[in-house]
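**Q** give me a model of this one.
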Amino acid sequence: MAICFGLGAAAYTYAAMKAFPGPRQADDFTWYWLGARALLAGQNPYGVIHVGGRYALDTPFVYPLTTAIATIPFAAWLNPATAAAFFIGVSSALLAWGITSDGYGRLPLFGSISFLWVCNSGQLSPLIAASALLPVLGWLAPVKPNLGLAAIAYRPSRTAVVGSALFITAAFAVNPHWLGQWLAVRNESSLARSVAGDFPSGATGGKANSDHHHRWAGATACPPSMETPRSAPVTCFGTRAAEYAVLRPATLVARACDNAAEHSLVAAVRASADSR
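**A** You can find the predicted model right below:
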């Protein structure tokens, strides 16, 4: 059954991305793919992935190096859209395996707008959700740290903590300076958006929100909210109140920390502009 859901998610993702006209068919996954390809070429993703270019990127590579490393198996031989479809397929199969371990009551999440949004944009959420349910995958939490924190909080284990630490250590072995470079690129990207008037709103920036709205315009007259898609794939698999009570606050805290850092940069730019 898990394989069937994985194949269905992969097929839908590929069809949705091929139906989207534009240079960045793989949407969010394009950055992960480019980061992996840069590593395979012996390059630094933070130094070679810039705004514009062949894929009309609106930001540089603003993800941790762990994201690029995890995407290498899918980016080595495949183009962005195909790699995204395989990635979503594998992630969805693992997620289906995890949520059916104690019954089939949570399978409807695969038909939710949130899940379809994740497929359309090639996001990491299904993989992180699977890592929360399957202890053997707990080491994948650093692939997307804000959701990974919630995943570890949902079901803490030595495997997840030690595995995540080893994964981060491996990333430093690949590039000893990646953490500082990642934070610097994130800060520069936030400052650039603030100067351009594209201030952050919720979990994503204005340009990204616009892209997602256009992508959904042909499928539904009422696009989902900006905040729901990123948290729902992780929070909707909690069936007991105690599980949800831990997982949902952890997700919100992680998002709040991420947004607070971004908004502080915007405030600094505004204050600097007002003082001139």
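**Q** all helices of the stretch 101-250 of the chain, in order?
**A** Along the stretch 101-250 of the chain, the segments classed as helices by DSSP state H, counting those that start in this stretch run 113-121, 125-133, 145-154, 158-174, 178-195, 206-217, 228-235, 241-275.
**Q** show me the contacts for residue 45.
**A** Contact analysis of residue 45 by CB atoms under 8 Å, 6 or more residues apart in numbering lists 34-35, 38-39, 61, 65, 68. (Glycine included, C-beta is placed from N, CA and C.)
**Q** separation between it and residue 111?
**A** Computed as CB to CB, to the nearest Å, the residue 45 to residue 111 distance reads 35 Å.
**Q** so who does the nearest residue to residue 145 once chain neighbours are set aside touch?
**A** Nearest non-adjacent residue to residue 145, counting by CB to CB, 6 or more residues apart in numbering: residue 64, 6.3 Å away. Contacts for residue 64 (CB under 8 Å, 6+ apart) come out as 142-143, 145, 171, 178-179, 182.
**Q** show me the shaky parts of the stretch 51-200 of the chain.
**A** Residue ranges of the stretch 51-200 of the chain with pLDDT under 70: 192-200.
**Q** and if we set it to 50?
**A** By pLDDT under 50, the low-scoring segments of the stretch 51-200 of the chain are 199-200.
**Q** just give me the neighbour total for residue 8.
**A** Residues near residue 8, counting by other CB atoms under 10 Å, number 16.
**Q** kindly report the same for residue 41.
**A** Residue 41, neighbours per other CB under 10 Å, totals 8.
**Q** check what pLDDT it gets.
**A** As predicted, residue 41 sits at a pLDDT of 96.
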